[in-house]
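Undergrad: just need the structure, nothing else, for what follows:
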Amino acid sequence: MQRIPYPDLETLSPEKQKVAGYPERTTLNVTYMAMHIHDELWRPHLALKVAMVNATSIDPWLREVLILRTAWLANSEYELHHHLSISRNLGFSEEKQEALRTQNYESLTEEERTVAQLTDEVIATLTASDETLAKARELFGDAQVLEMVLIIGSYWSTAMICGVTGIAPDSEAIQGWPLKKETA
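TA: Purely as a prediction, here's the structure:
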């Protein structure tokens, strides 16, 4: 049940109206709801969310492992709506999705298990065990470990926005992320 109304698009700054595509198209409910945030904070918030899609060095498959674990731990119907679809279109089987939901990581690859375990520990304790951190550093390096923590935190934040505001999942789930453009 929605607990906070969406902002009135007509009263938003031109910058927010442009992002929303107002009046020609609609935008994701969570993006629309976040437009309540004042512009000076909203701009970097939006930039971070866009960078999570377009500028991450994390493999899209492993990013979905991070996001799905975060969404399940947060019990975020909104995020699951989109990321079950995205992961399915990346090639995740129902069994892999279920393994991530139930924390039954035996069938996952070493990389997937490590990413899932890192997510579990970071959300539960705001840290990682020495063993999990060492394995993540070995497999991915320090920069990607920190990027993973940032992604976990960002999606946890999205789950909190969804929970506090009570926004409903969008009518259509996102099917996938745009492919990164190759640079010359």
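Undergrad: nearest residue to the middle of this structure?
TA: Central residue of the chain (Cα atoms, centre = their mean): residue 155, 4.1 Å from the mean position.
Undergrad: which residues touch the residue lying closest to it once chain neighbours are set aside?
TA: For residue 155, ignoring the flanking residues on the chain, the nearest one in space by Cβ to Cβ, 6 or more residues apart in numbering is residue 70 at 4.3 Å. Using the backbone N, CA and C atoms, a C-beta is placed for each residue, glycine as well. Residues in contact with residue 70 (Cβ atoms under 8 Å, 6 or more residues apart in numbering) are 76, 79, 119, 123, 152, 155-156, 159.
Undergrad: need phi/psi at residue 70.
TA: Dihedral angles of residue 70 (phi, psi; degrees, to the nearest 10) stand at phi -60, psi -50.
Undergrad: which residues in the chain form helices?
TA: 14-20, 29-34, 39-54, 60-74, 77-90, 94-102, 110-125, 130-165 (DSSP state H).
Undergrad: low-confidence regions, this protein specifically.
TA: 178-184 (pLDDT under 70).
Undergrad: rewinding a little: of the helices of the chain, which stretch is the most buried?
TA: helix 60-74 (a mean of 23; mean count of other Cβ atoms under 10 Å).
Undergrad: from residue 16, how far out is residue 74?
TA: As judged by Cβ to Cβ, to the nearest Å, residue 74 and residue 16 stand 26 Å apart.
Undergrad: I'd assumed residue 169 was in contact with residue 78.
TA: Yes. Contact criterion Cβ atoms under 8 Å: residue 78 and residue 169 qualify, at 5.1 Å.
Undergrad: find residues that contact each of these two.
TA: In contact with both residue 78 and residue 169: residue 29, using Cβ under 8 Å, 6+ apart.
Undergrad: tell me how this protein divides into domains.
TA: Following automatic domain parsing, the chain resolves into domains at 9-54, 60-165.
Undergrad: among the ones you listed, which comes closest to residue 3?
TA: With Cβ to Cβ as the criterion, residue 3 lies closest to domain 60-165 of the domains of the chain, at 5.8 Å.
Undergrad: list the contacts for residue 52?
TA: The contact partners of residue 52, taken as Cβ under 8 Å, 6+ apart, are 63, 151, 154.
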